[in-house]
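Chemist: For reference, the sequence and a predicted model appear below.
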Amino acid sequence: MESSPAVEGETFSRVALTPAAVELLGTLRERHGRLMFHQSGGCCDGSAPMCYPAGDFLTGPADVLLGVFRLPGDPATAELEFWMSREQFEYWKHTLLTVDVVVGRGSGFSVEAPEGKRFLIRSALMPDPAAS
């Protein structure tokens with residue numbers, strides 16, 4: 001599932017969710033309500049975005065909204081924003097990100113940790129428009 005673009009001037013999705021991520025997010029929404037992601041560190045595949053109840057992690061000028069998802073199910077909790085620290089975005093601005101799920105204990109601050117699963121990032125370089 002691709003997000004709606006949110007970076008000013010962009011018309012393409014920078015971030016996507018695998019079916020496994022969508023499924024886990026459905027379970028987490030039942031328990032926590034509307035959710036959000038924030039990616040503050042990590043340099044490569046396997047970095048872990050943190051999942052919080054929407055509003056529990058305060059974003060500001062030091063963060064970039066990369067995309068907004070409309071998840072299936074309850075419309076009241078369907079919107080999910082994906083944020084990244086502006087400093088981290090400078091490293092990853094040429095990358096398409098996909099949020100996936102693997103078995104294993106994640107960070108204690110991310111809401112999926114008690115599920116015995118963790119979210120992680122899979123990345124791919126965006127095509128170079130100059131190469132066309």
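Modeler: Great, that's in hand. In this text the structure is predicted, and so the values were computed from the model without any measurement.
Chemist: ok, now how distant is residue 61 from residue 83?
Modeler: For residue 61, the distance to residue 83 equals 12 Å [CB to CB, to the nearest Å]. Any C-beta I mention is one placed from the backbone N, CA and C, and that applies to glycine too.
Chemist: who has more neighbours, the two?
Modeler: residue 83 (24 against 6; other CB atoms under 10 Å).
Chemist: so the more buried one is in which element?
Modeler: Here residue 83 sits within strand 79-85, counting by DSSP states H and E.
Chemist: Can you give the distance of the next helix or strand after that strand from its chain's centre?
Modeler: Going down the chain from strand 79-85, the next helix or strand is helix 86-92, by DSSP H and E. Per CA atoms, centre = their mean, to the nearest Å, the displacement of helix 86-92 from the mean C-alpha position of its chain is 14 Å.
Chemist: what helices or strands is the helix or strand following helix 86-92 leaning on?
Modeler: Downstream of helix 86-92, the next assigned helix or strand under DSSP H and E is strand 95-103. Counting by 3 or more CB pairs under 8 Å, 6 or more residues apart in numbering; DSSP states H and E, the packing neighbours recorded for strand 95-103 are strand 15-17, helix 19-32, strand 117-125.
Chemist: So for strand 95-103, what gets flagged as buried?
Modeler: Residues of strand 95-103 classed as buried by neighbour count (16 or more other CB atoms under 10 Å): 95, 96, 97, 98, 99, 100, 101.
Chemist: show me the residues around residue 98 that make contact.
Modeler: 15, 16, 17, 18, 121, 122, 123, 124 (CB atoms under 8 Å, 6 or more residues apart in numbering).
Chemist: Just the closest of the residues you listed to residue 66, please.
Modeler: Distance ranking of the contacts of residue 98 against residue 66, using CB to CB, places residue 15 first at 5.1 Å.
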